[in-house]
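Chemist: Here is a sequence with its predicted model. Questions after.
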Amino acid sequence: MYLSKQKSLRASIIISIFINHHFCLALTQEARSKGFVYLHEIDPSIYVSLRYASSNNFMGRSIEGYKKPIVILTLSAAQALKRVQAEVKKNGYSVVVYDAYRPQQAVDSFVRWSKDTQDDTKKSEYYPRVKKADILKLGYVAQRSGHSRGSTVDVTLIKTGQHLHAIKPTKLKLLDGYTITFLDDGTVDMGSSFDLFDEASHGESTLVEEKYRKSRRYLKTSMEKQGFKGYAKEWWHFTLNNEPFSAGNNTSYFNFSVK
């Protein structure tokens with residue numbers, strides 16, 4: 001019995017080493033040399049719901065360049081997010097990541113999609129009041145994204161003890177009387193869902209009740225304390241201040257796949 005347990009333990013260790021080695025190899029040497037890491041290497045307690053590696057997004061399909069539902073960031077951004085996690089845990093929450101590093105090939109696919117006005121498959125869930133032809137102009141999709149620099153994250157919160165679950169679409173009435181589709185995934189209700197292209201998603205939108213704006217402010221404050229800055233049009237979107245790759249440099253935008 002003792003020998004059997006020892007063999008089982010050795011097998012478990014070997015499997016663990018193999019898996020960890022495999023993950024380390026999956027991130028290219030170029031990415032490693034530039035300072036990119038897997039978030040789980042820095043803080044495995046952070047929840048991950050990488051929407052673009054699934055069909056749960058505004059295009060309705062897995063996005064080009066997303067090979068695995070795994071979060072990649074620059075080391076400095078991952079460390080800052082770890083500090084956010086430690087802070088929100090004190091108040092009974094955990095960070096949930098919807099997106100982080102995004103390869104340029106994915107950004108290019110977003111742009112192509114935005115110009116294809118015949119494809120409105122996900123309009124009711126993600127852009128009910130916005131013309132698809134206006135999505136670029138309104139800043140909901142860009143030809144270059146801070147995500148491709150590796151220090152931008154799309155995040156929300158989940159209460160301690162709660163778990164992510166399959167999306168359950170429900171109806172939510174805004175304060176102007178318009179009804180949107182709310183995509184309940186188990187996270188804290190912020191009054192609108194991730195990637196809803198609408199004024200209701202602006203951080204301080206008066207289209208949502210004060211209780212939702214309060215939750216958004218808590219998320220924003222928690223992120224800002226650890227060196228991130230928000231984007232006014234998207235309550236979930238944050239970029240690290242003093243990010244290692246600056247927006248004005250053509251070499252700051254990367255295209256290796258998420259895997």
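Modeler: Sure thing, it's come through. Residues are numbered from 1 along each chain as shown.
Chemist: confidence score at residue 104?
Modeler: pLDDT for residue 104: 97.
Chemist: what number of residues lie near it?
Modeler: Look at residue 104: counted by other CB atoms under 10 Å, it has 18 neighbours. For the C-beta atoms, the positions are set from N, CA and C on the backbone; glycine is no exception.
Chemist: ranges for the helices of this structure?
Modeler: Using DSSP state H, the helices found in the chain span residues 2-26, 29-33, 39-42, 75-89, 104-115, 123-126, 210-225.
Chemist: Adding distance to residue 134, write those out as a markdown table.
Modeler: Output for these, formatted as a markdown table (distance: least, CB to CB, whole Å):
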| stretch | distance to residue 134 |
| --- | --- |
| helix 2-26 | 38 |
| helix 29-33 | 35 |
| helix 39-42 | 33 |
| helix 75-89 | 31 |
| helix 104-115 | 9 |
| helix 123-126 | 12 |
| helix 210-225 | 24 |
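Chemist: Of these, which is nearest residue 182?
Modeler: Across those, the minimum distance to residue 182, taken as CB to CB, is reached by helix 123-126, at 9.3 Å.
Chemist: can you list the weak-confidence ranges in the stretch 151-259 of the chain?
Modeler: Along the stretch 151-259 of the chain, no part satisfies pLDDT under 70.
Chemist: Which parts of it are strands?
Modeler: Applying DSSP state E, counting those that start in this stretch to the stretch 151-259 of the chain gives strands spanning 152-159, 168-173, 179-184, 228-231, 234-240.
Chemist: how near is the nearest residue to residue 46 once chain neighbours are set aside to residue 86?
Modeler: Counting by CB to CB, 6 or more residues apart in numbering, residue 46 lies nearest to residue 95, which is 4.9 Å off, once chain neighbours are set aside. Residue 95 sits at a distance of 10 Å from residue 86 (criterion: CB to CB, to the nearest Å).
Chemist: Which one of these two is surrounded by more residues?
Modeler: Between residue 95 and residue 86, counted using other CB under 10 Å, residue 95 has the larger neighbour count: 26 against 13.
Chemist: Could you report the distance from that one to residue 65?
Modeler: For residue 95, the distance to residue 65 - CB to CB - is 23 Å.
Chemist: How about residue 196?
Modeler: Separation of residue 196 from residue 65 (CB to CB): 23 Å.
Chemist: swap in residue 96?
Modeler: 21 Å.
Chemist: And residue 79, by the same measure?
Modeler: For residue 79, the distance to residue 65 (CB to CB) stands at 24 Å.
Chemist: Looking at these two, which is more packed in?
Modeler: residue 65 (22 against 16).
Chemist: and that one, what pLDDT?
Modeler: Looking at residue 65, its pLDDT stands at 97.
Chemist: tell me the contacts of it?
Modeler: The contact partners of residue 65, by CB atoms under 8 Å, 6 or more residues apart in numbering, come to 102-106, 109, 255, 257-258.
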